[in-house]
Each structure stands twice: as C-alpha cells, then as structure tokens.
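Colleague: can't give you the sequence, but here's the structure:
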C-alpha cells in the first residue's frame, strides 16, 4: 500500500508538472496537455484516498516522511488545476485586450509572425470589447505630457525590463511591437504599443493578444497592468 500511494502521488504530480514543458517543446499538443491536468487532479485525489485507507487500516506501514511527500505531491496536483479552473471562471473567455477598444493598435511586423497562429491578428470585435469593459474597466488610454520621442524611448526600456522580445520599432508611426513568452507553457503573446499626439498631450495605448487559446486566464490584462506600472516608474510619474 505504501508503494502504491507513493507511486500514484508521483504520477499525479508528473501529470500536472510535465504537460507545460512538453507542450513548450512541441512534444504534446495543447489539448493533450490540458487532459494531463485533468487526470493529474484525479490521480491526486486517488492518492489521498489511498493514503487515508492506509492510515486507517494499515497504520503500522505509514511512515511520516513518505506520507508527507505523498500529501505534498497530491496537493500540488489538485491545487494547480483547481486554481486554473477558478481563474477561468472569474475572468471573461477572451484573449485580446486593448486600452483603446474603438481603434485598437494594429500589429504590423508581428502580423507575419502570427500567420499560422490559431488566433487571427485582427481585433476580436465588439463582443470582446464589451466583455473587457465589464471585466477590466480600468484599462484605458494613457495620457502623458512627455514628448513622443521620450515615450518611445521609455517604452523600449520597459519592454526590455519586462523581458519581452522587441520585434519592431517605428518611431515615425509611434509603434513598438514585442512578444512575451510565458515561462511554463511557452505561450507566445504579442504586444503592440502606440504613441500618438493628442494636442498638448501624448496618448499611449497598448494591446496584448494571445496566439493560441480561447481564454487567456487574465494574462493579457495583467501584462498591460505590468506595462503601465513599469512605464510610470520609468517616467517618474
């Protein structure tokens, strides 16, 4: 029983821990990776049930260290999928977020990189905009008094500070494009920042869009918040 509990808890952990890297390196497709999450959670529950049976009926075989290890591995296998499910239910099922919902910044150089991406480069439309307004009302066009050149320079610094890959800078158009690759699954999400003159002020808009997936679990909105915070720090705002 002790060996079975240890084995099932380890399998549960691996079913949750490995799908991300295996997808990242092209070994698994996304559907299979998420299926692994589901079975990992079930295996984690099974391991805890088996451990309970061992404690009640074969207490003399229980060792504290192995029991704690089984509980830890099983808890990780259960908590991570449940956390993702909870997040998915708390955010809208969208993957294209912009501070300008009327005229979202357009991808230029990145459009070529997204040619084979499941999510098209075009903005997702009014239905997505309505869901964003309800979920992330704070994400709006930024207004600064700095010059366009200062904002472009600061934006490039922010892109580098956040660890994004700088793809394109067009000073005349006021456009900077970048790609952010997530650590675990290696998802590539694309970002475009637009700086325009608005009379005596400069308007800064940022759009972040996932290449794959229906829901981004709030990642793109969080990425935009991180950009805004970092840009304000760089500008001393």
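Modeller: Ah, there it is. All figures in this text were calculated on a predicted structure; none of them were measured in a lab.
Colleague: Run through the helices of this protein in chain order.
Modeller: Along the chain, the segments classed as helices by DSSP state H run 2-17, 19-24, 30-57, 64-90, 109-113, 126-135, 148-161, 219-235.
Colleague: Tell me which of those helices sits nearest to residue 192.
Modeller: Residue 192 lies closest, by Cβ to Cβ, to one member of these: helix 109-113, at 6.8 Å. From N, CA and C alone the C-beta is placed, and that goes for glycine too.
Colleague: Using JSON lines, lay out the helices of the chain together with mean neighbour count.
Modeller: Below are the helices of the chain laid out as JSON lines (neighbours: other Cβ atoms under 10 Å):
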{"stretch": "helix 2-17", "mean neighbour count": "20"}
{"stretch": "helix 19-24", "mean neighbour count": "19"}
{"stretch": "helix 30-57", "mean neighbour count": "17"}
{"stretch": "helix 64-90", "mean neighbour count": "16"}
{"stretch": "helix 109-113", "mean neighbour count": "16"}
{"stretch": "helix 126-135", "mean neighbour count": "14"}
{"stretch": "helix 148-161", "mean neighbour count": "18"}
{"stretch": "helix 219-235", "mean neighbour count": "18"}
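Colleague: Among those, which comes closest to residue 204?
Modeller: Closest to residue 204 of the helices of the chain, according to Cβ to Cβ: helix 148-161, at 6.2 Å.
Colleague: Okay, residue 182 and residue 213: tell me how far apart.
Modeller: Separation of residue 182 from residue 213 (Cβ to Cβ, to the nearest Å) stands at 11 Å.
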